[in-house]
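J.: pasting the structure only:
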């Protein structure tokens, strides 16, 4: 198994857990759990592969990705009631999955020989789109749009770490660890300590 295949499996599993937790909050049946697990797990990677013209798409080439997502869905369906605060668990699992997925997306783009701007975009897309689809379908405010929190910024700077590591000729493994570390630390700091960047505030409309 290649490094990027391992990262894809890891991000699929953890993102599937978050999708299943959303299904538990909506009190869906087991099929609903599987739907949200798979949608969240493969959404970002699918868009990445479509844009990069990777054929076949990763989960079509290896349906075991779907099996991993479904296993996560069943696991949460059985155990979700054991967690007192499922939303807090969802946030931390999502932060962990974000770091892995950004490393996978930016690393794949870099391995295919794309330029740094494409590496940045693919990292952000892979890390953000699955969770965005999950939140939109469940009628929740997407985490990527939460005011006063870092999310896409974390993915962007994590992807930048991948691009910088490639420029310094570091190994793909070190690049992936640097990317995942930067992404997760920034997201965790935003949730725990309120790290943020200035947001746009318009002036009151003129009379």
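T.: Thanks, I have it. On a predicted model such as this, the values are computed, not experimentally measured, just so you know.
J.: Which positions within the longest helix seen in the chain qualify as buried?
T.: Using DSSP state H to define each element, the chain has its longest helix at helix 86-111. For helix 86-111, the neighbour count (16 or more other Cβ atoms under 10 Å) marks 86, 89-91, 93-110 as buried. C-beta coordinates here come from the backbone N, C-alpha and C atoms, glycine included.
J.: Could you report the neighbour count for residue 80?
T.: By the criterion of other Cβ atoms under 10 Å, residue 80 has 17 neighbours.
J.: now residue 178: how far from residue 90?
T.: 26 Å (Cβ to Cβ, to the nearest Å).
J.: do residue 48 as well
T.: Residue 48 is 23 Å from residue 90, by Cβ to Cβ.
J.: Kindly report the same for residue 161.
T.: Going from residue 161 to residue 90 by Cβ to Cβ gives 25 Å.
J.: Looks like residue 199 contacts residue 148 (just checking).
T.: Yes - using Cβ atoms under 8 Å, residue 199 is in contact with residue 148, at 7.1 Å.
J.: who's more crowded, these two?
T.: Taking other Cβ under 10 Å, residue 199 and residue 148 do not tie; residue 148 has more neighbours (10 against 7).
J.: Point out where the chain drops to low pLDDT.
T.: Across the chain, the ranges flagged by pLDDT under 70 are 204-205, 207.
J.: Start from the N-terminal end of it and give the helices.
T.: Counting by DSSP H, the chain has helices at residues 3-25, 30-51, 58-61, 64-79, 86-111, 116-137, 152-167, 172-193.
J.: which secondary structure elements does the last one contact?
T.: Using 3 or more Cβ pairs under 8 Å, 6 or more residues apart in numbering; DSSP states H and E as the contact test, the elements touching helix 172-193 are helix 3-25, helix 86-111, helix 152-167.
J.: Contacts for that helix, please.
T.: 3-4, 7, 91-92, 95-96, 98-100, 102-104, 106-107, 110-111, 123, 127, 149-151, 153-155, 157-162, 164-166, 170, 195-196 (Cβ atoms under 8 Å, 6 or more residues apart in numbering).
J.: buried stuff in it?
T.: 172, 175-180, 182-188, 190-191.
J.: Among those residues, which one sits closest to residue 80?
T.: residue 191 (20.9 Å; Cβ to Cβ).
J.: List the contacts of residue 160.
T.: Residues near residue 160 by Cβ under 8 Å, 6+ apart: 120, 182.
J.: And it, how close does it get to residue 154?
T.: Residue 160 is 11 Å from residue 154, by Cβ to Cβ.
J.: for residue 171, same thing?
T.: In this view, residue 171 and residue 154 are 23 Å apart by Cβ to Cβ.
J.: Have a look at these two and say which one is more surrounded.
T.: The neighbour comparison of residue 171 against residue 154 (other Cβ under 10 Å) goes to residue 154, with 27 against 10.
J.: Does the more buried one touch residue 98 like I think?
T.: Yes - with contacts counted by Cβ under 8 Å, residue 154 reaches residue 98, the gap being 6.6 Å.
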